[in-house]
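**Q** 3D model of this:
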Amino acid sequence: MKQRSLVLHLIKVSELTNLSIKTIKGIGDETAQVLEEMHIHSVQDLLEHFPYRYEDYELKDLANAKQDEKVTVEGKVHSVPSLTYYGKKRSRLTFRLLVGRYLITVTCFNRPYYKSKLEIDQTVTVTGKWDQHRQTITLQELQFSPFKKNQSIEPVYSTKANLTVKAMRKFIALALNQYGNQIEDMLPQSIRNRYKLLSRETALKSIHLPRDHGDLKQARRRFVYEEFLLFQLKMQALRKREREETPGMQQLFDLNQLVEFTNLLPFPLTGAQKRVVNEITMDMKSPYRMNRLLQGDVGSGKTVVAAVALYATVLAGHQGALMVPTEILAEQHAESLIHMLSKVNVNVGLLTGSVKGKARKELLQSVKEGNIHVLIGTHALIQDEVIYKSLGLVITDEQHRFGVGQRRILREKGENPDVLFMTATPIPRTLAITVFGEMDVSIIDEMPAGRKIIETYWVKHDMLERILQFVHKELSAGRQAYVICPLIEESDKLDVQNAIDVHSTLVHYFAGKWKVGLMHGRLSSDEKEDVMKQFSVNEVQILVSTTVVEVGVNVPNATVMVIYDAERFGLSQLHQLRGRVGRGDAQSYCILIADPKSEVGKERMNIMTETNDGFVLSERDLELRGPGDFFGKKQSGMPEFKVADMVHDYRALEVARTDAAQLVNSEAFWQDEQFAKLRSYLDATGVLKGDKFD
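**A** Numbers count the residues shown, from 1 in each chain. Down below sits the predicted model:
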């Protein structure tokens, strides 16, 4: 990255990063060891150990209190406490408390010593769980004094071993008292003024010792923006560095020829496809290497966009490569692209593990000599024996199925070719900004005209007989069906249908009528391919499977998708499974068999029946499951934020991304003293040195 002739020098964010926690009164060797196990090594770490929730002790009017709500009330002791012992060292203490016009009962367990401290007419403050029907509070905390306003909101911290929340509160309060005036601010005054943000010192004091909810809101607002801005600065600096330090190919082609090609396609491009094609071809014409993610819902026409991009690179005198996860998907793409590109004399080759002997040798020679313009295949494309004459464009379909190393090897087959990643998994905008922040993102958010909506129904397990009758009706009309199960075999842990049992049931039910296939993750790749090919040519009419069919399979004749125990799947996964049908001209159906016990499970089923829009579903899925679980497993690319929440704070994330991009691309950011601490932060992450960051 160009440094604008400025030599960056490391300015410590704060000297507090070097101060040992033992400088805080009361923290000795034993406590310091516990804190260090919690990754709290310095005063700075201690101050940034934020509360994960707050106890709200504001007085509650019992007239507005809800059943089982936690309340704090102030009242006068109205009866002599009654103490009862039961079991071994267990006790219950009760007394009457006059709270305004309410005479209620307070029950306290295993604190017999309170009896001697409570006196008639004494004013006390009680916090506990309110039972509206019995007019009772089950005590959690008791203050033998009137309510104190300055103690209305108490922070609750994660702790370890013998370290209590009360002790953590004390240590952090002492740290603020001792070192509060040494807290340095990373955000320049100009940014704080623009958004009316608190200083870091004020925000730290307010988040740990809030006077009221207004204090807390402003402190949180400050740290949400700071966390997002720092993360986005890393992403944008990485994007800028890679863009400037990696020379592109600047592919020049005749636009009129490209337009003529689109006119030869069987269907006109949708508005979204045109927009995305323009974004991609503009990147290809630029001197910088394209690094773009193309998102498109199932059936939105990503393959057509890929065909236009591949033709553009051929017109520019280069070759294109399309890597997909499975052989059958490679064959399907090859069939589609040969149909489209043969009209403009583009030679398309298919390279998979099944291409062997003389045919493989001849194909590789044609690729090396440049006679094959577009090569489609599985990870076979990255083998050492594959040599391209001039690779200009690399497209990876369902990019999350390949490792970073596999994608990099394919990219290195050429002289910094343009790179396009495609995915049919709609990713919420907030996650795309966060996880793929160093990439440009294109979205096909419009479906081709005439495509029939898949009818989706939610039914209970007791309707199985009717479902099978419906499947039989569709199969009798010459169609095919998928039946999806969460597990391969029976499990003691989860009471869910499994693929092997369901397969046996359907084989018996449809005996002599239809052939039932079985596919799951324990089959070898060759076995999976074989089963899938049988289904694709209608030798198998019903395919019982786990979620291995989720991505990329195209069987236009399949019109029914039955999903057992659908509540076990996330919305995005259900949508991907639903997208396996609806690929032909006939009306298609998705039947969700589910008896969800939770409200979230019921909501998922309702949402699935209400919309077919994958992007709407992905946003709802993110809201229901949270970012950590969205991809199934927690991804290394998912950042951990202490305060910010990508779902609820998405507006702040978008603002921070815009600000970070403007800063990194401005002269002032690299020169002005006001941005020195932000530059120092970037320097410390290693992004400016060419390192990847975690």
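**Q** quick one: contacts for the closest residue in space to Lys642 that isn't next to it in sequence?
**A** Spatial nearest neighbour of Lys642, chain neighbours left out: Phe50 (5.3 Å); criterion: Cβ to Cβ, 6 or more residues apart in numbering. Heads up, the C-betas are built off the backbone N, CA and C, glycines and all. The neighbourhood of Phe50, defined by Cβ atoms under 8 Å, 6 or more residues apart in numbering, consists of 157, 207-208, 223, 642-643.
**Q** ok, now Val441?
**A** 292-293, 295, 432-433.
**Q** let's verify it: helix, strand, or coil?
**A** Assigned by DSSP: H, G, I helix; E, B strand; the rest coil, the conformation of Val441 is strand.
**Q** how much space separates it from Ile207?
**A** Distance, Val441 to Ile207, using Cβ to Cβ, to the nearest Å: 33 Å.
**Q** same check on Arg289?
**A** Distance from Arg289 to Ile207, by Cβ to Cβ: 42 Å.
**Q** okay, these two: which has more neighbours?
**A** More crowded of Arg289 and Ile207, by other Cβ atoms under 10 Å: Ile207, with 24 against 21.
**Q** in stretch 518-530, what's buried?
**A** 518-520, 523, 528-529 (16 or more other Cβ atoms under 10 Å).
**Q** which of the residues you listed fall in helices?
**A** 528-529 (DSSP state H).
**Q** pipe the buried residues of stretch 518-530 into TSV and attach distance to Ala661 per row.
**A** Below are these laid out as TSV (distance: Cβ to Cβ, whole Å):
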residue	distance to Ala661
Leu518	50
Met519	45
His520	45
Leu523	46
Lys528	43
Glu529	44
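**Q** pLDDT on the host helix or strand of Leu258, on average?
**A** Using DSSP states H and E, Leu258 maps to helix 255-264. Average pLDDT, helix 255-264: 94.
**Q** and stretch 37-48, how far out from the chain's middle?
**A** Chain-centre distance of stretch 37-48: 28 Å, with Cα atoms, centre = their mean, to the nearest Å.
**Q** wait, I meant stretch 34-48
**A** The mean C-alpha position of stretch 34-48 is separated from the chain mean by 28 Å, Cα atoms, centre = their mean.
**Q** begin at 707 from here
**A** That works, and once the first residue is 707, the last one we named lands at stretch 740-754.
**Q** which one (most neighbours) among the contacts of Val1147?
**A** Gln1001 (25 neighbours).
**Q** that one contacts Ile1149, correct?
**A** Yes: using Cβ atoms under 8 Å, Gln1001 is in contact with Ile1149, at 4.8 Å.
**Q** any idea how far Glu764 is from Thr829?
**A** 17 Å.
**Q** give me the next element, helix or strand, following the helix or strand hosting Glu1171.
**A** Counting by DSSP H and E, the element that carries Glu1171 is helix 1170-1182. Beyond helix 1170-1182 on the C-terminal side, the first helix or strand identified by DSSP H and E is strand 1186-1190.
**Q** need the contact partners of that next one.
**A** 1177, 1180-1181, 1208, 1212, 1241, 1244, 1246-1253, 1255, 1261, 1263-1270, 1283, 1286-1287.
**Q** ok, now how distant is the closest residue to Lys1239 other than its chain neighbours from Asp1232?
**A** Using Cβ to Cβ, 6+ apart and skipping the chain neighbours, the partner closest in space to Lys1239 is Ile1034 (6.4 Å). Look at Ile1034 and Asp1232: by Cβ to Cβ, they are 11 Å apart.
**Q** same check on Thr1058?
**A** 12 Å.
**Q** wasn't Gly834 part of a helix?
**A** No: secondary structure of Gly834 (three-state DSSP): strand, not part of a helix.
**Q** that one: how many residues sit nearby?
**A** Residues near Gly834, counting by other Cβ under 10 Å: 19.
**Q** quick one: contacts for it?
**A** By Cβ under 8 Å, 6+ apart, the contact list for Gly834 reads 776-777, 812, 843-847.
**Q** which one of these is nearest Asn899?
**A** Nearest to Asn899, judged by Cβ to Cβ, of the contacts of Gly834 is Lys776 at 38.9 Å.
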